[in-house]
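**Q** Test case, fold it:
(one chain, ligands or ions: 1)
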Amino acid sequence: LPVVAIVGRPNVGKSTLFNRIINQRLAIVEDLPGVTRDRNYAPAEWMGHKFDLIDTGGITWEDGKIEEEIRAQAEIAIDEADVIVFLTSVDNHVTDLDERIAKLLYRTKKPVILAVNKADNPEQRQDIYDFYSLGFGDPIPISGSHGTGIGDLLDEINAHLPKDADQVDDDTIAFSVIGRPNVGKSSIVNKLLGEDRVIVANQEGTTRDAIDTPFISKAGDKFRLIDTAGIRRRGKVYEKTEKYSVMRAQGAIERSDVVLLVLDASTGIREQDKHVAGYAHEAGRGIIIVVNKWDLPKKDSQSAKDFERVIRQEFQYLDYAPILFVSAKTGQRLDQIPELVKRVYKNLTQRIQSSVLNDLLIEASKLVPTPMVRGKRLRVYYMTQVKSNPPTFVVFVNDPELMHFSYQRFLTNQLRQNFDFEGTPIKIIARKRK
Ligand code: GDP
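**A** I've put the predicted structure just below:
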């Protein structure tokens, strides 16, 4: 998907605009303990055109260096976006910082759309003429808090999105390699691409061609490897921030079918591993846990089992993810990655007939009685798969309130026992039968 970045000095309203644009899409994510709620990267859509939106303002320096932050924002936008929204605000007129951002953005050939926020009333909309001096043509007056002008801005964004952006090759599996710094992501990626034939080195056109690498595995399957922070573009100022690597991981997760979560066998599991894992789980992607540096720990026959036990304990919500122990250094088991990604993708995209699902419901009802709440028993009438990738099932019931978490869990387990859903999350939604 094309990428749209919002850039601007502090307090012009970047996150308000970001939330306005992505609004409906975010409401559907489920809550998960330990996962930070603030997002800087999210899918968006306007008039049927899909794109990914980045709020570069999420990248802040702990020591509050505005200068660095502004430069990082501009670099991210210039490197990664197809369209840049330069946001400023009418209340301070054109500031020194606005001018400095403008200077950085002059360096790009990418379209820059100038939007002036906080133009809440007609009088303030008059003041936007000052902003012509920034040199990006007609400023678009918007009000992030009132929601006015957002449609015009989105029309303008659509007009600048790359024309062929909607073309996606259906039998190509998109996957990404995520994890905290130094777990060995780049080493794994380099080995993977070194051993498999890279079919497109550097295509002309959009930025994403440069950071995503299509390749064909030895078995002849088509993959697209989605790059994340630091894998092949080290040295930029923004990469020093943890927030940025989290944001890039989010972006890569959004664009992937399957995610490889890399852990480091030599350091064990850390807090940051859990954040990254939480995002992948929430996004509903296929997940494979890859334990790298397996050449380092001293091993006896128990150690893989021991490590696995710790992983299952620490990532209970990822109980469906297969675990692969590898070494990017020796190459151990790396050749199993493409096959495993393919298998998980197959599970993720499978569709199960309603008749089969309803046989399963009947069998399930014999195993465990449905829950009872305040004297009222849950009745389950019918189940159907409404979506794949991730597999999503709707069960029609007498009263959705009676669908207890434990029963939902029971149904999920029944699905897992009867079909191969290894590596994929399963969503079950209870609806009232009309
Ligand atoms: P990234 O930040 O996740 O991309 O991590 P890198 O790929 O840059 O690896 C970080 C460090 O770990 C480097 O010094 C690598 O040489 C080392 N490393 C990566 N994979 C392995 C492995 O399987 N075994 C060992 N012993 N070292 C590894």
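**Q** going forward, measure contacts between C-alpha atoms and count neighbours the same way
**A** OK.
**Q** pLDDT of stretch 110-125, averaged?
**A** Mean per-residue pLDDT for stretch 110-125: 90.
**Q** Okay, buried residues for it please.
**A** Neighbour counts over stretch 110-125 (16 or more other C-alpha atoms under 10 Å) mark 110-120, 125 as buried.
**Q** again with stretch 297-316
**A** 304, 307-308, 311.
**Q** now for the buried residues of stretch 110-125, which pair is the farthest apart?
**A** Largest separation among the buried residues of stretch 110-125 by C-alpha to C-alpha: 110 and 120, giving 28.7 Å.
**Q** ok, now which ones touch the residue most central in space within the chain?
**A** In the chain, the centroid-proximal residue (C-alpha atoms, centre = their mean) is residue 254; its distance is 2.6 Å. Residues near residue 254 by C-alpha atoms under 8 Å, 6 or more residues apart in numbering: 42-43, 283.
**Q** In a markdown table, list those along with secondary structure and neighbour count.
**A** Listed next are the contacts of residue 254 as a markdown table, based on DSSP: H, G, I helix; E, B strand; the rest coil; neighbours: other C-alpha atoms under 10 Å:
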| residue | secondary structure | neighbour count |
| --- | --- | --- |
| 42 | strand | 23 |
| 43 | strand | 21 |
| 283 | coil | 18 |
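**Q** can you list the residues you listed in CSV and add distance to residue 317?
**A** Shown next, in CSV, are the contacts of residue 254 (distance: C-alpha to C-alpha, whole Å):
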residue, distance to residue 317
42, 22
43, 24
283, 13
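**Q** just the residues you listed now: which is nearest residue 56?
**A** Nearest to residue 56 among the contacts of residue 254: residue 42, at 11.9 Å, using C-alpha to C-alpha.
**Q** Go ahead and confirm the closest one touches residue 23.
**A** No - in this structure residue 42 lies outside contact range of residue 23 using C-alpha atoms under 8 Å: 9.8 Å.
**Q** can you tell me the distance between the two ends of stretch 312-320?
**A** With C-alpha to C-alpha, to the nearest Å as the measure, stretch 312-320 spans 10 Å from end to end.
**Q** Give me the neighbour count for residue 353.
**A** Residues lying near residue 353 (other C-alpha atoms under 10 Å) number 11.
**Q** Quick one: mean pLDDT for stretch 219-235?
**A** Mean predicted confidence for stretch 219-235 is 70.
**Q** what about residue 85, which SS state?
**A** strand (DSSP: H, G, I helix; E, B strand; the rest coil).
**Q** So in terms of bridging, what pairs with it?
**A** Per DSSP bridges, the residues bridged to residue 85 are residue 6, residue 113.
**Q** where does the protein dip in pLDDT?
**A** For the chain, the stretches with pLDDT under 70 are 24-39, 58-64, 164-170, 195-211, 227-245, 301, 434.
**Q** Could I get the full set of helices for it?
**A** For the chain, applying DSSP state H gives helices covering 14-26, 66-80, 96-105, 122-126, 150-160, 185-195, 207-211, 242-255, 271-282, 303-314, 337-349, 354-367, 405-418.
**Q** what about those helices, which gets the closest to the ligand?
**A** For the ligand, the closest of those is helix 185-195, at 3.6 Å, according to C-alpha to the nearest ligand atom.
**Q** Point out the other helices and strands that the closest one packs with.
**A** Helix 185-195 sits against strand 173-178, with contacts defined as 3 or more C-alpha pairs under 8 Å, 6 or more residues apart in numbering; DSSP states H and E.
**Q** Any idea how many residues pack against the closest residue in space to residue 138 that isn't next to it in sequence?
**A** Of all residues not flanking residue 138 in the chain, residue 132 sits nearest, at 6.5 Å (C-alpha to C-alpha, 6 or more residues apart in numbering). For residue 132, the neighbour count with other C-alpha under 10 Å is 13.
**Q** interface residues of the stretch 201-350 of the chain facing the ligand?
**A** By C-alpha under 6 Å from any ligand atom, the part of the stretch 201-350 of the chain that sits against the ligand consists of 231, 292-293, 295-296, 327-329.
**Q** What about those, which are in strands?
**A** Mapping these onto strands (DSSP state E) picks out residue 292.
**Q** now the residues of the stretch 201-350 of the chain next to the ligand: which count as buried?
**A** Neighbour-count burial (16+ other C-alpha under 10 Å) is assigned, among those, to 231, 292-293, 295, 327-328.
**Q** Pop out the phi and psi values for the residue lying farthest from the centre of the chain.
**A** Distance to the chain centre peaks in the chain at residue 375, reaching 42.2 Å (criterion: C-alpha atoms, centre = their mean). The phi/psi pair for residue 375 (degrees, to the nearest 10) reads phi 80, psi 0.
**Q** Distance-wise, check it relative to residue 402.
**A** 11 Å.
**Q** can you check residue 316 too?
**A** The value you get for residue 316 to residue 402, if C-alpha to C-alpha is used, is 25 Å.
**Q** Repeat that for residue 138.
**A** Counting by C-alpha to C-alpha - residue 138 and residue 402 are separated by 55 Å.
**Q** Of those two, which one has the most company?
**A** When neighbours are counted by other C-alpha under 10 Å, residue 138 and residue 402 differ, and residue 402 comes out ahead with 19 against 14.
**Q** what's that one in contact with, if anything?
**A** Each residue near residue 402 by C-alpha under 8 Å, 6+ apart is listed here: 371-373, 376-378.
**Q** Emit the PyMOL select command for whichever of these are buried.
**A** PyMOL command restricting the contacts of residue 402 to the buried ones, with burial defined by 16+ other C-alpha under 10 Å:
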select buried, resi 371+378
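**Q** Can you flag which of the contacts of residue 402 belong to strands?
**A** Using DSSP E, the members of the contacts of residue 402 that fall within strands are 372-373, 376-377.
**Q** want to try a markdown table for the residues you listed, with distance to the ligand as columns?
**A** As requested, the ones in strands among the contacts of residue 402 are exported to a markdown table (distance: C-alpha to the nearest ligand atom, whole Å):
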| residue | distance to the ligand |
| --- | --- |
| 372 | 49 |
| 373 | 48 |
| 376 | 52 |
| 377 | 50 |
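**Q** Out of the residues you listed, the closest to residue 76 would be?
**A** Within the ones in strands among the contacts of residue 402, proximity to residue 76 (C-alpha to C-alpha) peaks at residue 373, which comes in at 51.9 Å.
**Q** Right, I'll leave it there.
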